[in-house]
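In: need a structure here:
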Amino acid sequence: MRCPRVASAPLRVLPLLAGLFALACREAPDEGGAPVSPFPPGAELETDFDQPIRLSYVCGNRFLVTNAHTVPVSVQYRVRGSSEEGHVDLAAAPNEDPAFSEAMLEVRSRGVVELFVDGRPLRARANEGVPCSPATPAPSLLSAAGPEESGEWTAPFDWPIVAVHLMLLPSGKVLSWGHYGAPQLWDPASGLFSEVPSPVLLFCAGQALTADGRLLAAGGHISDDHGLPDITIFEPAGTWSQSVKMMRGRWYPTTTAGPNGEMVIVAGQDEAGTLVALPEVWFNGTIRTLTTASKSIAYYPRMFLAPNGKYFVAGEDWRSRYLSIAGTGAWSGNYPRRFVNRTYGSAVMYDYGKILYAGGGYVTNTAEVIDLTKSPPAWQWTGSMAYPRRNLNLTVLPTGEVLATGGTGGTTTSDLTQAAHAAELWSPSTGQWTTLASNVVSRGYHATSILLPDGRVLHSGSGDAANQVDERNAEIFSPPYLFRGARPMISAAPPELHYGISAKVSTPDPAAIARVTLIRLGAATHAFDMGQRFQRLSFTRLATQVKVTIPTNRNRTPPGHYMLFLLNSLQVPSVGAIVQVK
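Out: You can find the predicted model right below:
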């Protein structure tokens, strides 16, 4: 195919695997207008997540072409409605996760981009005309040098495996597993590890805590892009059990806890490498399939229990939607994000019904928010980070602020030469990011972070795939609030909190307490924490206690285990008490 003769700058392919991709384009005379499209109407709207060659829209006039074949492929493209043509050479997919190669295509003309192989129609994707950044981005801030403003990192310390999956348990211990080696249980109090071998390989499963404090992992690893049908449970006693199997295997699914103890499982690839379009709902050892809610959605969807009792899938698909699990299930809504392609960006529910989505794509520093308590909800820009990040982790803190750690910039899946070392802190009140202290280890694909009860953030993982260094170590970040004076203290807290019933939390100085917050225990993998969600609790001060009002709304506070924090007027938190809401 040929490129039209134009006077503007040449087309560009931005190399995503350095030196492996090239755009070939030659001048040709205009032959009298644009050719007729061979694609049927609506082809540009079809999903192609399970196809070996994929085409996705990024932003502006940028598109991403992906190849999962084990051999190099040359694809031709044309911009519908114009005479603009060319071709993209794609390298062979690597033989390990992530098993694909990529090339960024930036065209001159705005129109549907059509892909061909040897002249045969393959894919079409619309140009949505979405800007690549806010028109007037809020500036990020740079903190002062002291730890009271920038926080502080520990030196790296050994971790027996690459912590691709990282979970805080009700015991206060941390469970982790990766691709290689047995799962590990870490005790933050003693610093000791113990092996807890699992009955199946849980790499690339989707995990979250059940209402009674068990860790449920859906799916697992047969090979890249091929998942197990197992549901595997880590019991509080430190042993594993297996529940009923899913109808099909899942590799890269998301698991989300519901308001009545159900666990909703979506997406992933099955034993044959086919996308699983039907969600499933696990409850107390039984499972049902949502047979009228078929939809193929991207790996590890960023899914949250919403105020309306439905499940809001914020991404990675551009158009966010609600999933209802009532009856046999249904999808509804269409809420396009401001930035289209946030692949391996991170999202977090930073307040009741409010979601922050940052980074991802190829590669952006932008961020946006949505408020699900409004009807209809709509994504809005918020401040942009100082550093573009993909494979970052967002962790909500006891203050309600959100910490961004790790990730990489550049134009590849995980370019560790472009690693972001500085932590960044997002303020929900101002929408601005503040750049904090920098860690030592470059962490990209498979990096993980979770909040610990003492208010610090555990940062680990990176590697176990993608031809990266396997980082069998971890670092811990102490946010600035830990250097601003004495901490409030919880001297006693009830282990169980009951819906609609006030609970008394003992503290030596109730008059100093300014806020009470609640954060669900974290369960992170692949740049997304499937567990954490933040909320503020109302309270009254007593002589030696604060009386905390427990919500009645299970959509606000789904049953399960949380960290309860007391904060003073300087926003310094206590050590969190792990409590069960039931």
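
In: Give me the number of neighbouring residues for Ala523.
Out: Ala523 has 27 neighbouring residues, counting by other Cβ atoms under 10 Å. C-beta coordinates here come from the backbone N, C-alpha and C atoms, glycine included.

In: okay, now the domains of the protein?
Out: If you go by automatic domain parsing, the domain ranges for the chain are 3-125, 141-483, 496-581.

In: which intervals of this structure have sub-threshold pLDDT?
Out: By pLDDT under 70, the low-scoring segments of the chain are 1-35, 43-50, 137-139, 143-144, 466.

In: Give me the neighbour count for Glu486.
Out: Quick fix: residue 486 is Ala, not Glu. 10.

In: That one: which element?
Out: Ala486 is located outside every helix and strand, with elements delineated by DSSP states H and E.

In: isn't it right next to Leu570, touching?
Out: No - judged on Cβ atoms under 8 Å, Ala486 makes no contact with Leu570 at a distance of 9.5 Å.

In: before we move on, the earlier item: nearest to Pro134, of the domains of the chain?
Out: domain 141-483 (4.1 Å; Cβ to Cβ).

In: buried ones in stretch 527-536?
Out: Buried residues in stretch 527-536, counted by 16 or more other Cβ atoms under 10 Å: Ala527, Phe528, Asp529, Met530, Gly531, Gln532, Arg533, Phe534, Gln535.

In: and which of these is nearest Val396?
Out: Nearest to Val396, judged by Cβ to Cβ, of the buried residues of stretch 527-536 is Phe534 at 4.4 Å.

In: Run a quick neighbour tally on the nearest residue to that closest one once chain neighbours are set aside.
Out: Nearest non-adjacent residue to Phe534, counting by Cβ to Cβ, 6 or more residues apart in numbering: Val396, 4.4 Å away. A count of nearby residues for Val396, using other Cβ under 10 Å, gives 26.

In: start at 54 instead
Out: Noted, 54 is the first residue going forward, which turns the last one into Val449.

In: need the contact list for Val449.
Out: Val401, Met402, Tyr403, Val455, Leu456, Leu504, Ile572, Gln585, Arg586, Phe587 (Cβ atoms under 8 Å, 6 or more residues apart in numbering).

In: Which ones among those lie within helices?
Out: With helices taken from DSSP state H, there is no overlap with the contacts of Val449.

In: and of those, the nearest to Arg267?
Out: Distance to Arg267 across the contacts of Val449 (Cβ to Cβ) is lowest for Gln585, with 17.4 Å.

In: Just the contacts of Val449: which are in strands?
Out: Mapping the contacts of Val449 onto strands (DSSP state E) picks out Val401, Met402, Tyr403, Val455, Leu456, Leu504, Ile572, Phe587.

In: of all these, which two lie farthest apart?
Out: Taking Cβ to Cβ as the measure, the ones in strands among the contacts of Val449 span a maximum distance of 14.5 Å, between Met402 and Leu456.

In: re the thing from before, quick one, which of the domains of the chain is nearest to Ser186?
Out: Shortest distance between Ser186 and the domains of the chain, using Cβ to Cβ, is found for domain 194-536: 5.5 Å.

In: Distance across the closest one, terminal residue to terminal residue?
Out: 19 Å (Cα to Cα, to the nearest Å).

In: Just put the ones in strands among the contacts of Val449 in TSV and tack on distance to Gln260.
Out: Converted to TSV, these look like this (distance: Cβ to Cβ, whole Å):
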residue	distance to Gln260
Val401	16
Met402	17
Tyr403	21
Val455	21
Leu456	21
Leu504	16
Ile572	17
Phe587	20
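
In: filter the residues you listed to the buried ones?
Out: Taking 16+ other Cβ under 10 Å as the criterion, what is buried in the ones in strands among the contacts of Val449 is Val401, Met402, Tyr403, Val455, Leu456, Leu504, Ile572, Phe587.

In: how about the first one, what does it touch?
Out: Translated: Val401. By Cβ under 8 Å, 6+ apart, the residues touching Val401 are Ile408, Leu409, Leu447, Thr448, Val449, Val455, Asp582, Gln585, Phe587.

In: what helix or strand does the nearest residue to Ser224 once chain neighbours are set aside sit in?
Out: With sequence-adjacent residues excluded and distances taken as Cβ to Cβ, 6+ apart, Ser224 is closest to Pro289, at 6.8 Å. Of the helices and strands defined by DSSP H and E, none includes Pro289.

In: Kindly report the same for Ala261.
Out: Going by DSSP H and E, Ala261 is in strand 259-262.

In: What strands flank that strand, and is each parallel or antiparallel?
Out: strand 268-271 (antiparallel) (DSSP bridges).

In: What are the contacting residues of the partner strand?
Out: 218, 220, 222, 228, 255, 258-263, 284-287, 296, 299, 303, 306, 308, 316, 318, 321, 335, 576.

In: Inside strands: which ones of those?
Out: Judged by DSSP E, those include 218, 220, 228, 259-262, 284-287, 308, 316, 318, 335, 576 as members of strands.

In: Which single one of these is nearest to Leu117?
Out: Gly259 (24.2 Å).

In: Quick check: beta-bridge partners of the closest one?
Out: So, taking DSSP bridges as the rule, Gly259 has Ala271 as bridge partners.

In: separation between it and Ser136?
Out: Gly259 sits 46 Å away from Ser136, taking Cβ to Cβ, to the nearest Å as the criterion.

In: Show me which of those two is the more surrounded one.
Out: Gly259 (33 against 20).

In: From what I see, that one and Pro306 are in contact.
Out: Yes - assessed by Cβ under 8 Å, Gly259 is found in contact with Pro306 at 4.0 Å.

In: Pull up the overlap in contacts between the two.
Out: Residues touching both Gly259 and Pro306 by Cβ under 8 Å, 6+ apart: Ala271, Gly272, Ile318, Gly321, Tyr353.

In: Please convert those residues to CSV, extending it with distance to Ala188 and neighbour count.
Out: As requested, these are arranged in CSV below (distance: Cβ to Cβ, whole Å; neighbours: other Cβ atoms under 10 Å):
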residue, distance to Ala188, neighbour count
Ala271, 41, 30
Gly272, 41, 32
Ile318, 39, 27
Gly321, 37, 28
Tyr353, 31, 22
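
In: Tell me the one of those residues nearest Val165?
Out: Among the shared contacts of Gly259 and Pro306, Tyr353 lies closest to Val165 (Cβ to Cβ), at 28.1 Å.

In: so the closest one, which of the three states?
Out: What DSSP: H, G, I helix; E, B strand; the rest coil gives for Tyr353 is coil.

In: separation between it and Gly259?
Out: To Gly259, Tyr353 is 7 Å away according to Cβ to Cβ.

In: what's the answer for Ala400, then?
Out: To Gly259, Ala400 is 15 Å away according to Cβ to Cβ.

In: One more: Thr593?
Out: According to Cβ to Cβ, Thr593 and Gly259 sit 40 Å apart.

In: Please apply the same query to Pro451.
Out: Pro451 is 26 Å from Gly259, by Cβ to Cβ.

In: looking at this, Gly547 is in a helix?
Out: Just to correct that, residue 547 is Pro rather than Gly. No - Pro547 sits outside any helix when classified using three-state DSSP, being coil.

In: Report how many residues lie close to it.
Out: 16.
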